[in-house]
Structures are given as structure tokens and as C-alpha cells.
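Engineer: model the structure of this input:
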Amino acid sequence: MNVLYITYDGITDHIGQSQVAPYLIGLSAKGHEITLLSAEKMERTDIIDRYKKIFSEAGVEWHYVPYHKNPPVVSSIYDVFNMRKVAKKLIAKNNIEATHCRSYVAALVGLHFKRKAGIKFIFDMRDFWPDARREIKVFDVEKNPMHKAVYQYFKKQEKAFLQESDHIVSLTEAGKRVMAEWKQEGMSINAPISVIPCCADFNFYNRDRLDPVRIKEVRKSLGINEGDFVLNYLGSLGAAYLTDEMMDVYKVLLAKKPSAKFLIIANNDHHLAIQSAERRGIPADRLIVIKGNKEEVPYLIAQADLSLFFIIPSFAKQACSPTKLAELLAMNIPVIGNTKIGDVDEILRLEKNNSAVMKAFTTEEYDAVLSQVLQKISQGNDHIRNTAENFSLECGIDLYNKVYHSLAR
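Structural biologist: Numbering: from 1, shown residues only. Next up, the predicted model:
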């Protein structure tokens, strides 16, 4: 197919590099004609220049508009207007057959051309975006009338996206079940729904390719001694994450593993982890908070014996597929998560991947689950990667390839 992929998340963002570019390069290799339209932070010229070359070599035609952050709402409207203007030219020039729209802002552009020109429309929804933003007060609908209006606007558009799309992509089976309930309640959702979780490049996140000497050097540089047990957190910090509760788990772990260190690999808001540790009475020298670039992250993950993440369970998080999950499992790292986050309850199993789900935020639950997981870890983790191949980049590309072929008929 000739596909115009539209994303408001730029390639200059981490998510663009991990969850957009690899898929499009893979789909181009499958024979599809891929045109990419994104909104970019223009100050990141090094990343832009690097990906111009990467996309050119892969046969992906990349166009972008400058991303604007301020003033709120107005800047986004302006960006969408600019993306629509560029999309119109690209649709005509490249004989575009379908738009593939990543999340809700991009879908505003795709739906416009579905209505105006009959261009097939793939709604790759990622999560229940308006509700996700409401839950963490980015849309403070109770206190801010403008936020309330924007939230209501996107809820109305959400219904249109689902009812008028030619294919819907959900990150989770749980999200798909919510849409099935909406259909039973009367929403006219007739498009096929494919579940494609966030995947990871298993060639990149592969311990076997790492230099053992460098692994030891990184460990030494972090102040981790031989024999220290390392608990890890990987990913963003912020309102959607239960940092205090993760610190409580670490305190329970310290009772079992007195030399344990907590390695937090985060790309933002390091102070939130440090402040949380202080509130929980955790000595500062037990915490290692670091930001790693893409090349460094596998070496940092390789230090871990166990990874942990707690996300606030909510309506929107039923559609959440944590990117970190695929990356960790690919590196043979067992994971403890919390219940009611996407499909995590079905994915993390002691008997399958030495991993588990906390069903409650209590000391008793932390102690019981940690004991079970530590027992499984003592038997070895080398099998974990092989149980997670449905989270590989190749698997994700194949699933998107099937979506494209289904629309080309």
C-alpha cells in the first residue's frame, strides 16, 4: 500500500525513535510505500539530520512540521492545521491509499481526509488518550473550563474515530474488550480491531550481543559491587507512576537482600524518585538514579536482577502497553508489575517468565510476591526472552503488515 503515517509524537522524541521509526522501516522493507508526517522539535537538529539519512536509506519519505508547545491548545490547533496542509499535498503527490494515524491528535488529520477524499483511515489509538490525560490532571476538567472543553471535544472525536475508521489498532486485549462493551451499548464500531502491543527490537535488547567487559565497567561506575542484588525501574517518572509504593517494595526487598541497590533509569524528573526515597527513609547511597541514552540503556538493564513498575490503575490504563515490558523481557529480566494495567495480569506469570503481578499495595503482598519471584530467579532467568517473542519488533511489523494487506484488498 501507499501509506501516509501521521504522528504528533516526533522522531526527535524517544517514543518516535523506539515505537515509530523501526516499524516504518520494517514496513518499507515489506514492500509498502511509506510516507511519514510528524511534528518535530526543531532544536534537535542532530536527531533530525541522523534520521533523514536513516529514512532515506530505508526508502521512507519523511516530512515534518515544527512542533509548538505554547500557548496551550492554540499551538496544537496550529500544528494540526499545518499537518493537514502538508498531508493534502502528500496525498496527491504520492497517491496515498490510507492514512495510519498514531493516537488522537494525528487522527484529526486522518479523519479529515477520510471524510473529504475517501482515504482509508487506520486509527492506531495507543490508549484512551483523553481519559489518560484527565486521570493525571493534564486535563483538569473539574477546575479548568478550557481543559473540560478540550476533553469533551476529544471524547466526541474518539467516537468518530472509532465509528469511521477502516481499521482500529489497540495496544491491549483489555482495551479491545472496552470497545466491545461500547459496541454492545450502541456505538457503531464496525471496523476490525487488531491488538498490537508495544514491541522492542530483540536484536538491540539482547544480552548476548553486549560486551562483558563493558557490562562490568558500567557496574563499577554505578557503584554496584559484585554480589549486590539490583532492583531496577525503567521508564518515565511522573503523575501516572506510583513511586512511593515502588519504594515500599524496595524496603521489603532490603529486609531479604540487605545489600540490594535500586537502579532507576529514567529520562525525566529524577527528583521525584529522590524525594520519594527520602519520604520512605531510604538511604541516598542505596539509590542510583540515571538517564541513559539509547546505546547505554541495554548495558544499564543488564545490571538488574529484577525490574519493578507500578502504574496508577485506572480506566485509561486498561489500554496501556508499557514499552519497558518488552525491552526487559528481551533482556531476560523478570518483572513485577501491578494489577489492572493493560494485559499485564496475563503477561507476567511465575511459571512462564519468573515474573508476577502485585494484586494489592500492602506490605504483606509485597513480601509474598517478592518471596515467590526470588525463589524462581534462583533457578535461572535465561528462558524469559524465549517466552516473549510476541513482543519482538519483527512480530509487531508482521501484524501491521497484515493490517495494511487487509485494506489493500
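
Engineer: helix or strand for Cys163, which one?
Structural biologist: Actually, residue 163 is Gln. It isn't Cys. Under the criterion of DSSP states H and E, Gln163 resides in helix 145-164.

Engineer: same check on Leu37?
Structural biologist: Using DSSP H and E, Leu37 falls within strand 33-40.

Engineer: elements contacting that strand?
Structural biologist: strand 2-7, helix 21-29, strand 61-66, helix 74-93 (3 or more C-beta pairs under 8 Å, 6 or more residues apart in numbering; DSSP states H and E). Every C-beta, even on glycine, is put in place using the N, C-alpha and C of the backbone.

Engineer: how's the protein carved up into domains?
Structural biologist: In the assignment given by automatic domain parsing, the structural domains of the chain cover 2-197+393-408, 207-391.

Engineer: can I get these in JSON lines including mean neighbour count and mean pLDDT?
Structural biologist: Listed next are the domains of the chain as JSON lines, based on neighbours: other C-beta atoms under 10 Å; pLDDT from 0 to 100:
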{"stretch": "domain 2-197+393-408", "mean neighbour count": "18", "mean pLDDT": "96"}
{"stretch": "domain 207-391", "mean neighbour count": "18", "mean pLDDT": "96"}
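
Engineer: can you give me phi and psi for His100?
Structural biologist: phi -120, psi 110 (degrees, to the nearest 10).

Engineer: what residues are up against it?
Structural biologist: Val3, Leu4, Tyr5, Ile6, Gly110, Ile122, Asp124 (C-beta atoms under 8 Å, 6 or more residues apart in numbering).

Engineer: now the two most distant members of these.
Structural biologist: Greatest spatial distance among the contacts of His100 (C-beta to C-beta): Leu4 and Asp124, at 12.7 Å.

Engineer: now stretch 229-247: how far from the chain's centre is it?
Structural biologist: Its chain's C-alpha centre and that of stretch 229-247 lie 15 Å apart, by C-alpha atoms, centre = their mean, to the nearest Å.

Engineer: stretch 329-348 too?
Structural biologist: Put simply, stretch 329-348 sits 13 Å off its chain's centre (C-alpha atoms, centre = their mean).

Engineer: can you give me the end-to-end distance of that stretch?
Structural biologist: Across its full length, stretch 329-348 reaches 10 Å between end residues, using C-alpha to C-alpha, to the nearest Å.

Engineer: do stretch 307-322 as well
Structural biologist: Stretch 307-322: ends 13 Å apart by C-alpha to C-alpha.

Engineer: separation between Glu245 and Phe55?
Structural biologist: Distance, Glu245 to Phe55, by C-beta to C-beta, to the nearest Å: 41 Å.

Engineer: what does Leu328 give?
Structural biologist: For Leu328, the distance to Phe55 - C-beta to C-beta - is 28 Å.

Engineer: please, which helix or strand holds Ile122?
Structural biologist: Assigned by DSSP H and E, Ile122 belongs to strand 120-124.

Engineer: pull up the pairing partners for that strand, direction included.
Structural biologist: Applying DSSP bridges, strand 120-124 is found paired with strand 98-102 (parallel), strand 167-170 (parallel).

Engineer: with distance to Ile347 as added columns, please give the ones you listed in JSON lines.
Structural biologist: Output for the strands paired with strand 120-124, formatted as JSON lines (distance: least, C-beta to C-beta, whole Å):
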{"stretch": "strand 98-102", "distance to Ile347": "23"}
{"stretch": "strand 167-170", "distance to Ile347": "15"}
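
Engineer: closest one to Lys148 among these?
Structural biologist: Of all those, strand 98-102 sits nearest to Lys148, with 24.6 Å by C-beta to C-beta.
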